[in-house]
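Peer 1: Let me see the structure of the following:
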Amino acid sequence: MTNGAVLQCSFGAAPGALQVLPTNRVMTNSAPAATIMDHVPIVNISSFGMCSSPANPTVAAATAAALGVLTPMPCVPATVAPWLPGVPTVLVGALPAVDNTCKLMCLWAGVIQVAAPGQFTVMTP
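Peer 2: Below is the predicted model:
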């Protein structure tokens, strides 16, 4: 995956984008390549619009205030663990790369996955 890949959360209302900082200095098609450590909320993982997870405290509070009617609230990703499982055979700056099969877990029970990786082909020498 590369900078600009499109992501989707299972509890998000809209797709989000992956932002990869060029710290590893590995580029693919002029975009920085992602590693398993590119999981920082807001820095790497953008908002998914509105969150509808009952595990999210803001959604739970809004739902309680609406007498039990599920009330989505703005998404603020809570991703504290790296992408899983990563691609151990492809290293980007000594860290496993992220591909379209990797998943990222949100503390609010959401599963973030790749909708469009940003890079579709890989050429080997």
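
Peer 1: And the strands in this structure, which stretches?
Peer 2: With DSSP state E as the criterion, the chain has strands at 6-9, 16-17, 27-28, 31-32, 50-51, 73-74, 87-92, 95-97, 103-105, 111-116.

Peer 1: With residue 43 as the reference, name the closest of those strands.
Peer 2: strand 16-17 (12.0 Å; CB to CB). In this view, the C-beta of every residue, glycine as well, is placed from N, C-alpha and C.

Peer 1: what sits against the closest residue to residue 8 other than its chain neighbours?
Peer 2: Leaving aside its chain neighbours, residue 8 sits nearest to residue 115 (4.6 Å; criterion: CB to CB, 6 or more residues apart in numbering). With contact set as CB atoms under 8 Å, 6 or more residues apart in numbering, residue 115 has these partners: 6, 7, 8, 15.

Peer 1: Distance check, the second one against residue 79.
Peer 2: Read that as residue 7. 10 Å (CB to CB, to the nearest Å).
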